[in-house]
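In: what follows is a predicted structure for the sequence shown.
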Amino acid sequence: MKKGLGVLVAVALLAGCAGQPLDGGGEAGSQSRERAKAFTDLAGAYYTRTQYKTALDELRKAITADSRYGPAYNIYGMIYMDLGEDKLAEDNFRRAIELDSKDSDAHNNYGWFLCTRGRYDEGLAQFSAAIRNPLYTQPELAMANAGLCAEKKGDIALAEANLAKALKLQPDSPNTVLKLAGLNFRQGRLTEAQRLLARHDELAPPSAESLWLGVRLERKLGDRAQEASYALQLRKRFPDSDEAQRMLTGRFE
């Protein structure tokens, strides 16, 4: 999933495609599936660059090649989620899961869609479905998203528990470390948030999300020099990001 809390999970969340039985048998079916996968992979790449129209064009080609290729519907769902077309998003996420109930990426992304629409318990159930698949290669993503969803629901204890589990699954996941830093910041635990943000910076290059957290964190702590350093990086590296625009318009809360 590309988006997260504020800009989820973001992340983050577009991953490998789950395997499915071929639509039909033999060489023709195999070739159709491979073509659908190739077009879907292209669509995913365009999606991550927010080139939605081009991504949709590639997805149409994927569905034409193989109308039962579930991961294509997953990406359809993510695009329509970003565009605010909620019915289309939900229909496509459901179709992806209908075609492959073990597609943890689809469960994860559908879960985030539900959480961002205030359907927290439904979203948490989708994250649980994603994690139950023993072949899921990135369970920490769904667990971290479950933590953010629980926070949005107002269950801080569950949020912390889920993020702690995500970190246990993958101790060096920069995404999880950053989400936990953000949670600590929002709960007023500034020293712990600062420690975790420093840990994130050791694990990954700065992102718009991490720099924006740094700006607000150092502003709260009163370190104007460090705040200015984060702010300068945010303006230079990610001038068109939502975070940069919020900073420039003084929306720090």
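Out: Structure's in. What do you need? Numbering: from 1, shown residues only.
In: show me what counts as buried in stretch 212-230.
Out: By neighbour count on 16 or more other Cβ atoms under 10 Å, the buried set for stretch 212-230 is 212, 213, 214, 215, 216, 217, 218, 219, 226, 227, 230. Bear in mind the C-beta positions are built from the backbone N, C-alpha and C, glycine included.
In: likewise stretch 177-188?
Out: 177, 178, 179, 180, 181, 182, 183, 184, 185.
In: can you list those residues in JSON lines and add secondary structure, pLDDT and distance to residue 30?
Out: Below are those laid out as JSON lines (DSSP: H, G, I helix; E, B strand; the rest coil; pLDDT from 0 to 100; distance: Cβ to Cβ, whole Å):
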{"residue": "177", "secondary structure": "helix", "pLDDT": "94", "distance to residue 30": "41"}
{"residue": "178", "secondary structure": "helix", "pLDDT": "94", "distance to residue 30": "40"}
{"residue": "179", "secondary structure": "helix", "pLDDT": "92", "distance to residue 30": "40"}
{"residue": "180", "secondary structure": "helix", "pLDDT": "93", "distance to residue 30": "43"}
{"residue": "181", "secondary structure": "helix", "pLDDT": "95", "distance to residue 30": "45"}
{"residue": "182", "secondary structure": "helix", "pLDDT": "93", "distance to residue 30": "44"}
{"residue": "183", "secondary structure": "helix", "pLDDT": "93", "distance to residue 30": "45"}
{"residue": "184", "secondary structure": "helix", "pLDDT": "94", "distance to residue 30": "49"}
{"residue": "185", "secondary structure": "helix", "pLDDT": "95", "distance to residue 30": "50"}
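In: out of those residues, who's nearest residue 208?
Out: residue 178 (11.2 Å; Cβ to Cβ).
In: so that closest one touches residue 199, yeah?
Out: No. At 9.0 Å, residue 178 does not count as touching residue 199 under the criterion of Cβ atoms under 8 Å.
In: distance check, residue 57 against residue 39.
Out: Distance of residue 57 to residue 39, given as Cβ to Cβ, to the nearest Å: 9 Å.
In: who has more neighbours, these two?
Out: residue 39 (22 against 14; other Cβ atoms under 10 Å).
In: OK, contacts around the more buried one?
Out: 58, 59, 61, 62, 65, 72 (Cβ atoms under 8 Å, 6 or more residues apart in numbering).
In: pLDDT at residue 11, what is it?
Out: Looking at residue 11, its pLDDT is 34.
In: ok, which pair from the buried residues of stretch 212-230 is furthest apart?
Out: Top of the distance list for these (Cβ to Cβ): 212 and 226, 13.7 Å.
In: out of the buried residues of stretch 212-230, who's nearest residue 244?
Out: Once Cβ to Cβ is applied, the member of the buried residues of stretch 212-230 that ends up nearest residue 244 is residue 212, at 7.9 Å.
In: is it fair to say that closest one lies in a strand?
Out: No. Assessed with DSSP: H, G, I helix; E, B strand; the rest coil, residue 212 is helix; it does not lie in a strand.
In: what about the nearest residue to it once chain neighbours are set aside, how many neighbours?
Out: Spatial nearest neighbour of residue 212, chain neighbours left out: residue 243 (3.7 Å); criterion: Cβ to Cβ, 6 or more residues apart in numbering. By the measure other Cβ under 10 Å, the count of residues near residue 243 is 21.
In: what about residue 243, distance to residue 59?
Out: 29 Å.
In: likewise for residue 239?
Out: 30 Å.
In: counting neighbours, go ahead and name the busier of these two.
Out: Taking neighbours as other Cβ under 10 Å, residue 239 and residue 59 compare with residue 59 leading, 26 against 11.
In: good, we can wrap up now.
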